[in-house]
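Engineer: just coords:
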């Protein structure tokens, strides 16, 4: 097992502790643990007892947020992308997230695997074929499906090729640089405070450069409580909703006749049990091993679909989609559907704004986990690894899965859409695989892939929650790790049976609005801390250059004087010597009028 960060690093204060210079290992941080458990208990109870009313109320709140703050989400997400690129390309890029010259804790491949699994792995499997197909046929973005009007004022419909290009570009927007930039903001801020400054693993300490000691008070407690509640709610709802795709796959391959509550509860129980074993083994064993396994399995699955499907079309689609995305990325980034009437606003809120809120609601969990496994990386490595590499993999994945689905509808036998052109998201992937050679084998691999992605989400989420609730410990007690993993499974089962999963997911996304202000503060704090460190480095370098210059000049002067002494001072020294000798001779010669010197009483007697 890879050892956690060493204890020789200067310790940071325990959240809530009055002393920032001392930190004792405790099992829980009461000011975070107790309020978080209370909020979770109340939220889950309300969702179970009144699922429909709760969902309706939360949907109303979310609709108001989307309608009133959609432009704000678009603006700040664009800002996060710019901020991430700035840090990676700036003079701060060489700063090590740890001690200077410290080696990374995990290998490059293991690091990438954990980033990918925790970030959005399960979403790629769920939406890989469904989202591009939805934007192509079922729910295209308003304004894209028409290219103008004729003389009679009737809309001219866009061709299928244009619709497909727009669908891929929009999907790339939702899952590419913008989503990962949100994770960069939180992950880099936490990684810098934890590994560089020696603070506990907690979001509050990322704000220390601007809040100072106030992070130890109620402000820091509230931030950590929101992070704990949002993470548990997000993992639990994803677990509950995700097993529906697994169960659909099991029914598809004929292992079960239909999806039942017993099947769903059994799947959650098995996934939770495996997640408990993984989180107990630690980051260096279970989580890393599962992430590596998942990355290899996902790679095999991706290559298989590419080779067994319309290979040349998919390769062309990838290249063309990349070009289409970069050609329109600025316009897509700042598009708020202002000129598409109410229909465009509804679409924008249901898709793009929803995605920005979803990624921000997951940012505490994913950001802290990424920070935990990024010790020893430089800022530039962190930004490149978190922002660029996963984005490229995501583009390849959607080009293959989404491209294959669109190809089936455009040039193949179809069959992926309902009678009303609707898309059943959890079914599309398996319907697509069913039309390929070795479709049954690929379906089994897809089910295993989804299950492992859920396990890695559950165990990494449990570890993050436990680190926050235990006062920022990087290696929290095993009993509390297991408790949080089991709690997430129980919450998922209870809400699944009561019909409150969607309500809790909506509630988790609502937390994105207040947390967005925290993320803006994290950007300011991160820049401030790195700028101050850079100034210290510049002063040290200037002082070193001055000392080196003084040493070099002094050595040069001494060497020059030694080698060319006669040239510089020969005549003056000779004149002084001659004058001194002449005066001495005159003194010894004396004269009749020269007085005899008086012997001092301190002079020795002869």
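Structural biologist: Great, that's in hand. None of the values given here were measured: they were computed from a predicted structure. Residues are numbered from 1 along each chain as shown.
Engineer: quick one, strands of this protein?
Structural biologist: Assigned by DSSP state E, the strands in the chain fall at 146-149, 155-157.
Engineer: Worst mean pLDDT among the ones you listed?
Structural biologist: Among the strands of the chain, strand 155-157 has the lowest mean pLDDT, at a mean of 51.
Engineer: who's in contact with residue 210?
Structural biologist: Neighbouring residues of residue 210 by CB atoms under 8 Å, 6 or more residues apart in numbering: 521, 524, 525, 528. To be clear about C-beta, it is placed using only N, CA and C from the backbone, and glycine gets the same treatment.
Engineer: Filter the residues you listed down to just the buried residues.
Structural biologist: Among the contacts of residue 210, the ones that count as buried by 16 or more other CB atoms under 10 Å are 521, 525.
Engineer: Out of the contacts of residue 210, which is nearest to residue 115?
Structural biologist: Minimum distance to residue 115 across those is 22.8 Å, recorded for residue 525 (CB to CB).
Engineer: quick one: contacts for the closest residue to the closest one other than its chain neighbours?
Structural biologist: In space, and not counting its chain neighbours, residue 525 is closest to residue 209: 4.3 Å by CB to CB, 6 or more residues apart in numbering. Residue 209 sits next to 525, 526, 528, 529, 532 when contact means CB under 8 Å, 6+ apart.
Engineer: about what we covered before: using JSON lines, please lay out the contacts of residue 210 together with distance to residue 165.
Structural biologist: JSON lines is the format used below for the contacts of residue 210 (distance: CB to CB, whole Å):
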{"residue": "521", "distance to residue 165": "39"}
{"residue": "524", "distance to residue 165": "38"}
{"residue": "525", "distance to residue 165": "40"}
{"residue": "528", "distance to residue 165": "42"}
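Engineer: Ramachandran angles for the residue nearest to residue 111 when sequence neighbours are not counted?
Structural biologist: Of all residues not flanking residue 111 in the chain, residue 373 sits nearest, at 6.2 Å (CB to CB, 6+ apart). The phi/psi pair for residue 373 (degrees, to the nearest 10) reads phi -100, psi 10.
Engineer: Residue 373 contacts residue 108, correct?
Structural biologist: No - taking CB atoms under 8 Å as the definition, residue 373 is not a contact partner of residue 108, at 11.7 Å.
Engineer: These two - which one has more neighbours?
Structural biologist: Using other CB atoms under 10 Å, the more surrounded residue of residue 373 and residue 108 is residue 373, with 25 against 12.
Engineer: report the longest helix in this protein, please.
Structural biologist: As assigned by DSSP state H, the longest helix anywhere in the chain is helix 512-563.
Engineer: now that helix: mean pLDDT?
Structural biologist: For helix 512-563, mean pLDDT is 82.
Engineer: How much space separates the residue nearest to the spatial centre of the chain from residue 78?
Structural biologist: Nearest to the geometric centre of the chain sits residue 183, at 2.7 Å (CA atoms, centre = their mean). Distance of residue 183 to residue 78, given as CB to CB, to the nearest Å: 16 Å.
Engineer: ditto for residue 224
Structural biologist: Distance from residue 224 to residue 78, by CB to CB: 28 Å.
Engineer: Could you do residue 117 as well?
Structural biologist: In terms of CB to CB, residue 117 sits 27 Å off from residue 78.
Engineer: and if you look at residue 238?
Structural biologist: 26 Å.
Engineer: who has more neighbours, the two?
Structural biologist: Each of residue 238 and residue 78 has its neighbours counted (other CB under 10 Å); residue 238 has more, 24 against 16.
Engineer: Next up, phi/psi of residue 103, please.
Structural biologist: Torsion angles, degrees, to the nearest 10, at residue 103: phi -80, psi 150.
Engineer: Nearest residue to it in space, ignoring adjacent ones along the chain?
Structural biologist: That would be residue 376: by CB to CB, 6+ apart, it lies 5.3 Å from residue 103.
Engineer: Could you tell me how many residues sit around the one you found?
Structural biologist: Residues near residue 376, counting by other CB under 10 Å: 18.
Engineer: roughly how far apart are it and residue 210?
Structural biologist: The value you get for residue 376 to residue 210, if CB to CB is used, is 26 Å.
Engineer: Could you pull out the buried residues of stretch 299-309?
Structural biologist: Result for stretch 299-309 [16+ other CB under 10 Å]: buried residues 301, 302, 304, 305, 306, 308, 309.
Engineer: Sort out which one of those lies nearest residue 490 for me.
Structural biologist: Nearest to residue 490 among the buried residues of stretch 299-309, with distances taken as CB to CB, is residue 301, at 31.0 Å.
Engineer: what about that closest one, distance to residue 273?
Structural biologist: Counting by CB to CB - residue 301 and residue 273 are separated by 24 Å.
Engineer: cool, residue 356 as well?
Structural biologist: On the measure of CB to CB, residue 356 and residue 273 end up 34 Å apart.
Engineer: now what about stretch 70-82, what contacts it?
Structural biologist: Stretch 70-82 is contacted from outside by 177-178, 181-182, 184-185, 333-336, 345, 348-349, 352-353, 356-357, 516, 519-520, 523, using CB under 8 Å, 6+ apart.
Engineer: Repeat that for stretch 357-367.
Structural biologist: Under CB under 8 Å, 6+ apart, the answer for stretch 357-367 is 62, 65-66, 73, 118-119, 178-179, 182-183, 185-187, 189-190, 203, 226-227, 230-231, 234-235, 460-461, 464-465, 508-513, 515-516, 519.
Engineer: Let's see that with 7 Å instead.
Structural biologist: 73, 118-119, 179, 182-183, 186-187, 190, 203, 227, 230-231, 234, 461, 464, 508-509, 511-512, 515-516, 519 (CB atoms under 7 Å, 6 or more residues apart in numbering).
Engineer: if we can go back for a sec, can you report phi and psi for the residue nearest to residue 103?
Structural biologist: phi 90, psi -10.
Engineer: Please list all residues in contact with it.
Structural biologist: Contact analysis of residue 376 by CB under 7 Å, 6+ apart lists 96, 97, 98, 102, 103, 104, 105.
Engineer: List only buried entries from those.
Structural biologist: Neighbour counting by 16+ other CB under 10 Å classes 96, 97, 98, 102, 104, 105 among the contacts of residue 376 as buried.
Engineer: any idea which of the residues you listed is closest to residue 491?
Structural biologist: Out of the buried ones among the contacts of residue 376, the member with the shortest distance to residue 491 (by CB to CB) is residue 105, at 31.2 Å.
Engineer: Can you tell me the closest non-neighbouring residue to that closest one?
Structural biologist: Computed as CB to CB, 6+ apart, the closest residue to residue 105 that is not its neighbour in sequence is residue 375, at 4.4 Å.
Engineer: Surely that neighbour and residue 98 touch.
Structural biologist: Yes - using CB atoms under 7 Å, residue 375 makes contact with residue 98 at a distance of 5.1 Å.
Engineer: what touches both of those two?
Structural biologist: If you check residue 375 and residue 98 against CB under 7 Å, 6+ apart, the residues they both contact are residue 195.
Engineer: how far away is the nearest residue to residue 333 once chain neighbours are set aside from residue 356?
Structural biologist: Once flanking residues are discounted, residue 333 sits nearest to residue 78: 5.0 Å by CB to CB, 6+ apart. Going from residue 78 to residue 356 by CB to CB gives 10 Å.
Engineer: just residue 262 next, same as before
Structural biologist: Taken as CB to CB, the span from residue 262 to residue 356 is 37 Å.
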